[in-house]
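1. coords below, sequence missing:
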């Protein structure tokens, strides 16, 4: 188990489409999941935010996502199998560009199919914040960043400036 460095915006591995995991319950896969959990928890402790991480963010090209909201969940080969037509607009952030916020649109709800590290198949229906998180992390394993989904270039801002503007505007939406 170890904390691994998080790749930052500009690293070409963040744009790579990750490869499907073919073998489950291997020492290498289980070690990757432990490293992802350790890295997520360390990042959250140091930065005050963080709910999920994709393997590509620590330099591993396997399709693995780890989230921790109400408890830890490792998802191997996750794929969105259904998306709502209804969308939500929100400000997103990312471990790979921790000082930036990006305004984007995401599906309000999704259904995701995945396997656990032991290989058992699962599906998860998510709405709201969990839906957004799953879309964000699955984008990562597809080589897509939140920046790619920005409403427009004016909605990529430093988080500190966004907070300052919200305070000045009485927390009104930009």
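-> Yes, it's here. None of the values given here were measured: they were computed from a predicted structure.

2. middle-most residue in the chain, spatially?
-> The centre of the chain sits closest to residue 137, judged by C-alpha atoms, centre = their mean, with a distance of 2.9 Å.

3. did I read that right, it in a helix?
-> Yes: counting by DSSP: H, G, I helix; E, B strand; the rest coil, residue 137 is part of a helix.

4. I'd assumed residue 109 was in contact with residue 125.
-> Yes: assessed by C-beta atoms under 8 Å, residue 125 is found in contact with residue 109 at 7.0 Å. For every residue, glycine as well, the C-beta is placed using N, CA and C.

5. compare those two (neighbour count), which wins?
-> residue 109 (17 against 11; other C-beta atoms under 10 Å).

6. mind giving me the packing neighbours of the lowest-mean-pLDDT helix or strand in the chain?
-> Least confident element among the helices and strands of the chain, by mean pLDDT, DSSP states H and E: helix 159-168 (a mean of 82). When contacts are defined as 3 or more C-beta pairs under 8 Å, 6 or more residues apart in numbering; DSSP states H and E, helix 159-168 sits against strand 97-107.

7. helix or strand right after the strand it packs on?
-> strand 109-115 (DSSP states H and E).

8. direction included, what does that following strand pair up with?
-> The pairing partners recorded for strand 109-115 under DSSP bridges are strand 72-83 (antiparallel), strand 121-127 (antiparallel).

9. which of those strands is buried the deepest?
-> strand 72-83 (a mean of 18; mean count of other C-beta atoms under 10 Å).

10. could you give the mean pLDDT of whichever helix or strand comes after it?
-> Using DSSP H and E, the helix or strand that follows strand 72-83 in sequence is strand 87-94. For strand 87-94, mean pLDDT is 96.
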